[in-house]
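**Q** What follows is a protein structure lacking sequence information:
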DNA sequence: TCACTATACGGAGGTGACCTCCGTTTACGC
DNA sequence: GCGTAAACGGAGGTCACCTCCGTATAGTGA
């Protein structure tokens, strides 16, 4: 996703830039603390700006969520690249998916958003994840450790679905690990 | 779940019973047509009762959703019992889970509700599903077709999670089948 | 048939969040 | 400094939720 005020358009005015950054930071904290259905007016207030300013910078809640999530996407891209050198490839894939979960779970509600396909903001997020994860999956497939008929898009959807389930059963700390374990076993299974 | 006006308490007054039934029927149609986040006031209006009457019978949206879903639960229980005689047991289990998905997918939004553990109404729904599915899973395990370290609660959570993912990608009609296939393969995999 | 009362009805109105709109303010280039 | 494009901000319209309580009525017993 283009950095606000980035290439092409002229740079943002100083006050706009300042407000944008503060909103992003306050939103991050609010999402972590209260989940992503926190009232947007609260975020605007914490950032010391009017609600109109929030909506100018982020036209809807999803835009704000995905902007916050950009930082995690960067981390996950880097991590994905690192893991390309880890063996065995299936373990690298498994670790990366676990990291996807860890970074996503920071913000209760993001997993649900990432599964929905409509919004252009989330579409951009998903593309970045697929890029990073696709390489890891392909490597595991080429090593013959993972069945060929699986695509990264499906695997990410499954991961987010499981994450969502785990989010909704907070009392069961092991749930995510158990369910993902089942899935990883399915990945290794012979095709057909 | 106890039928309203059932054993114990005295029967409902005729007008109350009539309104209850109409509300349930209108809610069913509204949920199918518009999804479960339809405005409750619309349901009340279609049923020809005041909003207060709706809230008296169904204290919150979840109560209404689960009451509607009762019919499907009955069907799924019956189906579960039937399938206990089908071979191979894993196929019976697979078919039942597919039916769970079909009956749940009728009402966009129900899958999400069934995954949340807090509410007593949904807890009752989940218990019924577990009862029906538990027998099928146990049978498949005793036949040695499914790994022993899997529990019906996890399997249902996974099914609902996948269903939710499919709900959010309506353009991909095959998604549910693909993802569940992966999971069923994981179920068959050797433990450890 | 009538009157009595527990039960149920209904919708006005308070609450809270969303989002838009536009008059006011301000940063920045000249 | 001055002009203007860019940005601010919050009042207020909208919508759904949910409660509360005055009114209506089904069922009962005489």
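**A** The structure has been received and is ready for your questions. Here the structure is a predicted model, which is why all the values come from computation and not from measurement.

**Q** Check which helix or strand the residue positioned nearest the centre of chain A maps to.
**A** With distances taken as CA atoms, centre = their mean, residue A:104 lies nearest the centre of chain A, 5.0 Å away. For residue A:104, the element it lies in under DSSP states H and E is helix A:89-105.

**Q** now swap in residue A:36 and tell me
**A** In this structure, residue A:36 is located outside every helix and strand according to DSSP H and E.

**Q** how much space between it and residue A:114?
**A** Distance of residue A:36 to residue A:114, given as CB to CB, to the nearest Å: 11 Å. Any C-beta I mention is one placed from the backbone N, CA and C, and that applies to glycine too.

**Q** so where's chain A shaky on pLDDT?
**A** Counting by pLDDT under 70, chain A contains low-confidence ranges at A:1-8, A:191-192.

**Q** Around chain B, pick out the residues from it.
**A** Selection of chain A residues close to chain B by CB under 8 Å from any CB of the partner chain yields A:112, A:115-117, A:150, A:154, A:157-158, A:160-162, A:164-165, A:168-169, A:171, A:175, A:178-179, A:182-189.

**Q** Give me the subset of those lying in strands.
**A** Per DSSP state E, strands hold no members of the residues of chain A next to chain B.

**Q** buried subset of those residues?
**A** Listed as buried from the residues of chain A next to chain B are A:112, A:115, A:150, A:154, A:157-158, A:160-162, A:164-165, A:168-169, A:175, A:178-179, A:182-187, A:189; burial here means 16 or more other CB atoms under 10 Å in any protein chain shown.

**Q** From the residues you listed, which land in helices?
**A** Under the assignment DSSP state H, these contribute A:112, A:115, A:154, A:157-158, A:160-162, A:164-165, A:168, A:175, A:178-179, A:182-187 to helices.

**Q** now do the same end-to-end measure for stretch A:138-154.
**A** Start-to-end span of stretch A:138-154 (CA to CA, to the nearest Å) is 13 Å.

**Q** For it, which residues meet the burial criterion?
**A** Neighbour-count burial for stretch A:138-154, with 16+ other CB under 10 Å as criterion, is recorded at A:139, A:140, A:141, A:146, A:147, A:150, A:152, A:153, A:154.

**Q** from the chain's centre, how far out does it sit?
**A** Stretch A:138-154 has its C-alpha centroid displaced from the chain centroid by 21 Å (CA atoms, centre = their mean, to the nearest Å).

**Q** cool, and stretch A:75-91?
**A** In this view, stretch A:75-91 has its centroid 16 Å away from the chain centroid, taken as CA atoms, centre = their mean.

**Q** quick one: buried residues of it?
**A** For stretch A:75-91, by 16+ other CB under 10 Å, it's A:76, A:79, A:80, A:83, A:89, A:90.

**Q** Report the spatially nearest residue to whichever residue of chain A sits closest to chain B, omitting neighbours in sequence.
**A** Minimum separation of chain A from chain B (CB to the nearest CB) falls at residue A:186, amounting to 3.0 Å. Nearest residue to residue A:186 in three dimensions, chain neighbours excluded: residue B:186, at 3.0 Å (CB to CB, 6 or more residues apart in numbering or on different chains).

**Q** and residue A:30, what does it touch?
**A** A:38, A:42, A:43, A:46 (CB atoms under 8 Å, 6 or more residues apart in numbering or on different chains).
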